[in-house]
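Here is the input, now give the coordinates:
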Amino acid sequence: MASFPADWGREQLESLEFVDRAEDLVPCGDVGCGKTHRAIAIGMLACQRMIPVRFFTASSLVMRLRKAKDDNRLDAELKSIGRAGLVIIDELGYLPIDIDGARLLFQAGADSYETRSVISASNLESGRWGDVFGDGDMAAAVIDHIVHHGRILRFHGESYRNKHSLMK
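So this is what the prediction gives:
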């Protein structure tokens, strides 16, 4: 089950007005409650409306940025990502990120600040992002950017996969 902010709901989400205003979303909460499903649905809706979308897991984005840096093409990679109107980063918090990876992820987020929307789906509340980034200051900087023009969508309840598991 998803909880929306009091002044914001499904209608605003489906209108994609937040993308037009380069606002961010943070679907966060329990595992298996629809964060990724919702992010993908928003991405598909954006594609149908001709808005360029990029989708990454947090770990695949870090690996992609790390490889681009190693190949001396980080600026080109960030520019490529920057052509999207909506960037979706899934599974933020499932795997720890080392400090170099955190810096790269921060750089990608900083490049998006006030220029495009980012959906950062996480199983962790933002107060625990220091564990992910391995640095409380880095996490605080990321959170500061997101909360300025963003909204949290809270997901809670029993995992859909667990509820419908064949292994009962």
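
show me where this structure has strands.
For the chain, the strands defined by DSSP state E cover 2-3, 24-29, 53-57, 86-92, 117-122, 150-155.

quick one, what contacts Gly43?
Residues near Gly43 by C-beta atoms under 8 Å, 6 or more residues apart in numbering: Val53, Phe55, Leu86, Ile88, Ile119. Every residue, glycine included, has its C-beta placed from N, CA and C.

Kindly recompute the last result at 10 Å.
Neighbour list for Gly43: Ile51, Val53, Arg54, Phe55, Ala84, Leu86, Val87, Ile88, Asp90, Ile119 [criterion: C-beta atoms under 10 Å, 6 or more residues apart in numbering].

Tabulate the residues you listed in JSON lines, adding columns for distance to Gly32 and pLDDT.
Formatted as JSON lines, those follow (distance: C-beta to C-beta, whole Å; pLDDT from 0 to 100):
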{"residue": "Ile51", "distance to Gly32": "28", "pLDDT": "98"}
{"residue": "Val53", "distance to Gly32": "23", "pLDDT": "98"}
{"residue": "Arg54", "distance to Gly32": "24", "pLDDT": "97"}
{"residue": "Phe55", "distance to Gly32": "19", "pLDDT": "98"}
{"residue": "Ala84", "distance to Gly32": "27", "pLDDT": "97"}
{"residue": "Leu86", "distance to Gly32": "24", "pLDDT": "97"}
{"residue": "Val87", "distance to Gly32": "23", "pLDDT": "97"}
{"residue": "Ile88", "distance to Gly32": "18", "pLDDT": "97"}
{"residue": "Asp90", "distance to Gly32": "13", "pLDDT": "96"}
{"residue": "Ile119", "distance to Gly32": "18", "pLDDT": "95"}
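
Tell me which two in these are the farthest apart.
Ile51 and Asp90 (17.8 Å; C-beta to C-beta).

Between the two, which has more neighbouring residues?
For Ile51 versus Asp90, the count of surrounding residues by other C-beta atoms under 10 Å is larger for Asp90: 22 against 17.
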